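Undergrad: Fold the following for me, if possible:
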Amino acid sequence: MEQLMAEETRNRTWVREFVLEGFPVAEHLRILFFLMHLLAYLASIMGNTLIISITCVDHRLQTPMYFFLSTYSFVECCFITTVIPQLLAIFLSGRQTISFVACFTQALVVFVLGATVFFLLAVLSLDRYLAICKPLHYPTIMSPRMCFLLVTVCLVLGFLFMAGPVVMLSQSSYCGPNVIPHFFCDFGPLANLSCSDTMSVEMLFFNLALIVLFGSLLVAIFAYSNIVVTIVGLPSARERQKAFSTCSSHLIVLSLMYGSCVFIYMKPKQTSRLDTNREAALVNMVVTPLLNPVIYTLRNKQVHQALRDALSRVQLPRYHRSSAPSL
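TA: Down below sits the predicted model:
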């Protein structure tokens, strides 16, 4: 019996690399799609980098909220850089080969950073709750040490929640087809390609993703329910408008992030469609990071003023040099 099992094992073809199928795009449209996604990627990187830079150089933005926003922007840059360059290569070549180890490493990084983003969104909700509902206690609670601790906890929780299922799935047997109908190594397509029974791993991933998504969503709902009550009770219309303006961008980003992720990962396996998942994942990977710098921070009046001041400091020395009399 053991000899038969050993012989069967030797006769199997073990998968050493995967092929990312990407999007089915007509040949004459590949360059167009490549340029569109390249511009979106560069705009996302530039916008998020601008948020990080202006937060570091302007002392008026060195507050807990902007510290969390700059951390969020940094994680977003890492998140999209893990996936988008590979998507661009797929548009140029039609398909893209990725090794077994690189594929699961990419899946690990994507899901750890993705979970970290949702925990950061929950922290941002709590930060706004404390700033609006508990203004007297806010400076004491949100000390620099607490801010660093919260960011560290978000990253650690992201790793603890997502590393287990990905590592367990990587230990499964892959002996058949190796074409992934996606533009990155997503959990569902990898589980479908496995020769092993992955039901328990998929259920674990589903439950942990459920905790991450709805746990952080409940925190946001709690925070904004209290914020709405507090804003409605403010005596001045100007104060109400100012308080709401600091939260409206956050609510838009929450809707985009939670909507697309719930659509992708919170469906039973038998009703999951990979084509629609790819489109929803594209929203997460390309559209949302592109919109975040605009709707989250760059529309903020404080950031506008900080940008104007930074530009004036850059232009002023040039003006003095050009207007200086020649000897």
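
Undergrad: any idea of the pLDDT on G22?
TA: G22 carries a pLDDT value of 79.

Undergrad: Just to check, it is in contact with V83?
TA: No. Contact criterion CB atoms under 8 Å: G22 and V83 do not qualify, at 11.3 Å. For glycine as for every other residue, the C-beta is placed from the backbone atoms N, C-alpha and C.

Undergrad: Need the overlap of contacts for the two.
TA: Common contact partners of G22 and V83 (CB atoms under 8 Å, 6 or more residues apart in numbering): F183.

Undergrad: List the buried residues of stretch 51-67.
TA: Of all the residues in stretch 51-67, those buried under the rule 16 or more other CB atoms under 10 Å are I51, I52, I54, T55, D58, L61, T63, P64, M65, Y66, F67.

Undergrad: tell me the mean pLDDT over it?
TA: Stretch 51-67 shows a mean pLDDT of 84.

Undergrad: CA atoms only for it, dumped as PDB, please.
TA: Extracted in PDB, the C-alpha atoms of stretch 51-67 (Å, rounded to 0.1, in the frame of the first residue of the first chain):
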ATOM      1  CA  ILE A  51       0.100  63.300   1.600                       C
ATOM      2  CA  ILE A  52       3.000  61.700   3.500                       C
ATOM      3  CA  SER A  53       5.400  64.400   2.500                       C
ATOM      4  CA  ILE A  54       3.200  67.400   3.400                       C
ATOM      5  CA  THR A  55       2.300  65.800   6.700                       C
ATOM      6  CA  CYS A  56       6.000  65.400   7.600                       C
ATOM      7  CA  VAL A  57       7.100  68.900   6.600                       C
ATOM      8  CA  ASP A  58       4.100  71.000   7.900                       C
ATOM      9  CA  HIS A  59       3.900  71.200  11.700                       C
ATOM     10  CA  ARG A  60       0.200  72.200  11.500                       C
ATOM     11  CA  LEU A  61      -0.600  68.700  10.100                       C
ATOM     12  CA  GLN A  62       1.400  66.800  12.700                       C
ATOM     13  CA  THR A  63      -1.700  65.700  14.500                       C
ATOM     14  CA  PRO A  64      -3.000  62.200  15.200                       C
ATOM     15  CA  MET A  65      -5.500  62.400  12.400                       C
ATOM     16  CA  TYR A  66      -2.900  63.200   9.800                       C
ATOM     17  CA  PHE A  67      -0.500  60.800  11.300                       C
END
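
Undergrad: from the chain's centre, how far out does that stretch sit?
TA: Mean-position distance between stretch 51-67 and its chain equals 20 Å (CA atoms, centre = their mean, to the nearest Å).

Undergrad: Equivalent analysis for stretch 117-128, please.
TA: 13 Å.

Undergrad: got it, and stretch 105-119?
TA: With CA atoms, centre = their mean, you get 8 Å for stretch 105-119.

Undergrad: Stretch 50-64 now?
TA: With CA atoms, centre = their mean as the basis, stretch 50-64 stands 21 Å off its chain's centre.

Undergrad: Equivalent analysis for stretch 76-92, please.
TA: Distance of stretch 76-92 from the chain centroid (CA atoms, centre = their mean) equals 13 Å.

Undergrad: Name the residues of that stretch that are buried.
TA: For stretch 76-92, by 16+ other CB under 10 Å, it's 76-77, 79-80, 82-84, 86-91.

Undergrad: again, but for stretch 91-99
TA: Applying a neighbour-count criterion of 16+ other CB under 10 Å, one finds F91, Q96, I98 buried in stretch 91-99.

Undergrad: helix/strand/coil for the last one?
TA: Applying DSSP: H, G, I helix; E, B strand; the rest coil to I98 yields a three-state assignment of strand.

Undergrad: So what does the nearest residue to it once chain neighbours are set aside have for phi and psi?
TA: Among residues not flanking I98 along the chain, F18 sits closest, at 5.4 Å (CB to CB, 6 or more residues apart in numbering). As for F18, its main-chain torsions (degrees, to the nearest 10) stand at phi -120, psi 160.

Undergrad: What is the neighbour count of F18?
TA: The number of residues packed near F18 is 24, by other CB atoms under 10 Å.

Undergrad: What is the three-state secondary structure of C175?
TA: Classified using three-state DSSP, C175 is coil.

Undergrad: so it sits right up against W14, yeah?
TA: Yes. Applying CB under 8 Å, one finds C175 in contact with W14, separated by 5.8 Å.

Undergrad: More neighbours: these two, which one.
TA: Using other CB under 10 Å as the criterion, C175 and W14 rank with C175 on top: 16 against 11.

Undergrad: ok, back up a step: out of the buried residues of stretch 51-67, flag the one nearest to F214.
TA: Nearest to F214 among those: M65, at 24.2 Å, using CB to CB.

Undergrad: and the closest one, what does it touch?
TA: L124, D127, R128, A131, T246.

Undergrad: Then A191?
TA: L169, S172, T198, V201, E202.

Undergrad: Need the buried ones from the residues you listed selected in PyMOL.
TA: To isolate the buried ones among the contacts of A191 in PyMOL, judged by 16+ other CB under 10 Å, type:
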select buried, resi 169+172+198+201+202
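
Undergrad: can you put the contacts of A191 in JSON lines and add secondary structure, pLDDT and distance to I221?
TA: Formatted as JSON lines, the contacts of A191 follow (DSSP: H, G, I helix; E, B strand; the rest coil; pLDDT from 0 to 100; distance: CB to CB, whole Å):
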{"residue": "L169", "secondary structure": "helix", "pLDDT": "94", "distance to I221": "31"}
{"residue": "S172", "secondary structure": "coil", "pLDDT": "89", "distance to I221": "36"}
{"residue": "T198", "secondary structure": "coil", "pLDDT": "87", "distance to I221": "33"}
{"residue": "V201", "secondary structure": "helix", "pLDDT": "93", "distance to I221": "30"}
{"residue": "E202", "secondary structure": "helix", "pLDDT": "90", "distance to I221": "27"}
